[in-house]
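Chemist: 3D, please:
(chains A, B and C)
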Amino acid sequence: MLATDLIYSIAGVALFALGLRAALLHRTLLGRILAINICGAGIFLVFVALGYRGPDLVPDAVPHALVLTGIVVAVSATALALALGRRLREAGDE
Amino acid sequence: MIEFIAMLIIMIGISFFAAGSIGLLRLPDLYTRLHALTKADNLGLGLIVVGLAMISGSLLMTMKLLLIWILVLAGSAASAHLIAQQALRREQN
Amino acid sequence: MVVYLWNLLDLVLAGLVVALGWAAVASADLKRGIVLFIAFGLLLAIIWARLNAPDLALAEAAIGAGLSGALLLAALRDEPHTGDVIGFTRGPVAWATTVLSLVVAGTVAWALLHAHAAADPIRLADKVTVHLEHSGVSNPVTAVLLNYRAYDTLLELAVLLAAALGIMAVGPARPAYKPAGPLFGALVYWLVPLLIVIGGYLLWVGAHAPGGAFQAGALLAAAAVMLRLGGNPAAGLPGPVAQRWLLVCGVAVFISVGLLVTVGGHAFLQYPHGWSGMLILLIEIAATLAIATTLALAYVGGTTPASQGTLSEQQIKNHRASD
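Modeler: Numbering: from 1, shown residues only, chains lettered A, B, ... in the order given. Alright, predicted model coming up:
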């Protein structure tokens, strides 16, 4: 019987590896940004899985706060990357 | 007793959801798939909302669940209409 | 027996999320990949709910799935459809990268297994719960975000401001959408005020229940996205001066509060006793406005036409007179 946090931690690591491979190999900028977002989601999964204490106990709030910060920073970085990509494409440089 | 009935209603709702998903996989056309998704899934959601409202036991929670169901209905109706309109326009061109 | 059912649910959810992530990344058609990414984000929100993280579930559904997906789809709309560039690079580079990512995954998984088997160290969670009634709020995530680690949240708002400045500096907004038909127009008409009200509710309730500034800001940004999709090119954002004030107010209010409490002899951002609840609410209001404006600006994609300055009436008359 596997512990819950172990199942989700391994899933998070798998997502991180998937995203890393696709971020290095995808040809378009949009695909790479998508892959990096999946990388980030994998890391968040590892964090929150490590903060899980049990079905009835209060979970650890510190990883939750860190991941909340991470989600917002990830979306703002994605937005900036997309704006830069659009400008690069208009300049003919992508 | 109430919990047993609520559980039964939630199970029926889940079976409607399953029917909607099977329709998504098996139906031939975009329009028929939209039918399955909006009608079957929203009815399933409505039954699940009824079951959860019976379990929750508080009026405020029931009102919130009802609001969620109405919002999902509105959203899925509008998006199904938009998808079908776009597909029809693409076919005619 | 019940534990095994929970484990089965966890295995199914974890397997599904990895499969969805793989499908989102491995599809050659980018639109399909982005839609699968939105589904991935929603499944991740369910997993957060399973792991007793309701604040994260709210934020992931609104920001991670909704807003990120909308941003990617809007960027896809600008991209010209070049069929030959899409896809992965093949060949020995691909094999080397696969081996590299497998090695990285294996190392991290081994480290996690060892950390899981190790004895329980001193945990920060105990300190959080012990001091929770003095922090001014009763939701532990809000307490960590805006009291114990307020400095991190200040820097996060600064990162948002930097991203907004970068987006505004790079160029004008994306082309607008045509005005909505009757059905979608009615949806926008009903949903935008509802989203604003629910955003305000989430901001208020974040002190004692799942919610808070980030989720409220994301809902307001969702209202802006709906307005833009309904045909409003400025996505409901105010004029240029007001936009800049809104963008800056998050960091500005945070730093001002932090400096003001030093007048009474405390350290930077060390709230005095009895004032924490009110100060946290003040900071959260400013943070909500800043987050909503930044995310709406990110969706619009640059400076909106109104904020680039329009010709005044006199300038138009002068222009016509000189013909």
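
Chemist: so residue C:252 touches residue C:287, yeah?
Modeler: No - with contact defined as C-beta atoms under 8 Å, residue C:252 does not reach residue C:287; the gap is 10.9 Å. C-beta coordinates here come from the backbone N, C-alpha and C atoms, glycine included.

Chemist: tally of neighbours for the residue of chain A at minimum distance from chain B?
Modeler: Closest residue of chain A to chain B, C-beta to the nearest C-beta: residue A:55 (17.4 Å). Neighbours of residue A:55 under the rule other C-beta atoms under 10 Å in any protein chain shown: 12.

Chemist: chain neighbours aside, what residue packs nearest to it?
Modeler: residue C:6 (7.0 Å; C-beta to C-beta, 6 or more residues apart in numbering or on different chains).

Chemist: the more surrounded of residue C:252 and residue C:287?
Modeler: Taking other C-beta under 10 Å, residue C:252 and residue C:287 do not tie; residue C:287 has more neighbours (28 against 15).

Chemist: do you know how far that one is from chain A?
Modeler: 10 Å (C-beta to the nearest C-beta, to the nearest Å).

Chemist: for the residue lying closest to that residue once chain neighbours are set aside, what are its contacts?
Modeler: Using C-beta to C-beta, 6+ apart and skipping residues adjacent in sequence, the residue nearest residue C:287 is residue C:213, 4.2 Å away. Going by C-beta atoms under 8 Å, 6 or more residues apart in numbering or on different chains, residue C:213 touches C:146, C:203, C:206, C:283, C:284, C:285, C:287, C:288, C:291.

Chemist: please, which helix or strand holds the second one?
Modeler: When secondary structure is defined using DSSP states H and E, the element that contains residue C:203 is helix C:182-205.

Chemist: how about that helix as PDB, C-alpha atoms only?
Modeler: Extracted C-alpha coordinates of helix C:182-205, given in PDB (Å, rounded to 0.1, in the frame of the first residue of the first chain):
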ATOM      1  CA  PRO C 182     -27.100  38.100 -28.700                       C
ATOM      2  CA  LEU C 183     -26.500  34.900 -26.800                       C
ATOM      3  CA  PHE C 184     -22.900  35.600 -25.800                       C
ATOM      4  CA  GLY C 185     -23.700  39.200 -25.200                       C
ATOM      5  CA  ALA C 186     -26.400  38.200 -22.700                       C
ATOM      6  CA  LEU C 187     -23.900  35.800 -21.000                       C
ATOM      7  CA  VAL C 188     -21.400  38.600 -20.600                       C
ATOM      8  CA  TYR C 189     -24.100  41.000 -19.500                       C
ATOM      9  CA  TRP C 190     -25.100  38.600 -16.700                       C
ATOM     10  CA  LEU C 191     -21.800  37.100 -15.700                       C
ATOM     11  CA  VAL C 192     -19.500  40.200 -15.400                       C
ATOM     12  CA  PRO C 193     -21.400  41.800 -12.400                       C
ATOM     13  CA  LEU C 194     -21.800  38.300 -10.800                       C
ATOM     14  CA  LEU C 195     -18.000  37.800 -11.200                       C
ATOM     15  CA  ILE C 196     -17.300  41.100  -9.600                       C
ATOM     16  CA  VAL C 197     -19.600  40.400  -6.600                       C
ATOM     17  CA  ILE C 198     -18.200  36.900  -6.100                       C
ATOM     18  CA  GLY C 199     -14.600  38.300  -6.400                       C
ATOM     19  CA  GLY C 200     -15.400  40.800  -3.600                       C
ATOM     20  CA  TYR C 201     -16.900  37.900  -1.500                       C
ATOM     21  CA  LEU C 202     -13.800  35.800  -2.000                       C
ATOM     22  CA  LEU C 203     -11.600  38.700  -0.900                       C
ATOM     23  CA  TRP C 204     -13.600  39.100   2.300                       C
ATOM     24  CA  VAL C 205     -14.000  35.500   3.100                       C
END
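
Chemist: any idea what sits nearest the residue nearest the centre of chain A, other than its immediate chain neighbours?
Modeler: For chain A, residue A:40 is the residue whose C-alpha lies nearest the centre (C-alpha atoms, centre = their mean; 1.4 Å). Nearest residue to residue A:40 in three dimensions, chain neighbours excluded: residue A:74, at 4.7 Å (C-beta to C-beta, 6+ apart).

Chemist: element containing that neighbour, please.
Modeler: Counting by DSSP H and E, residue A:74 is found in helix A:61-90.
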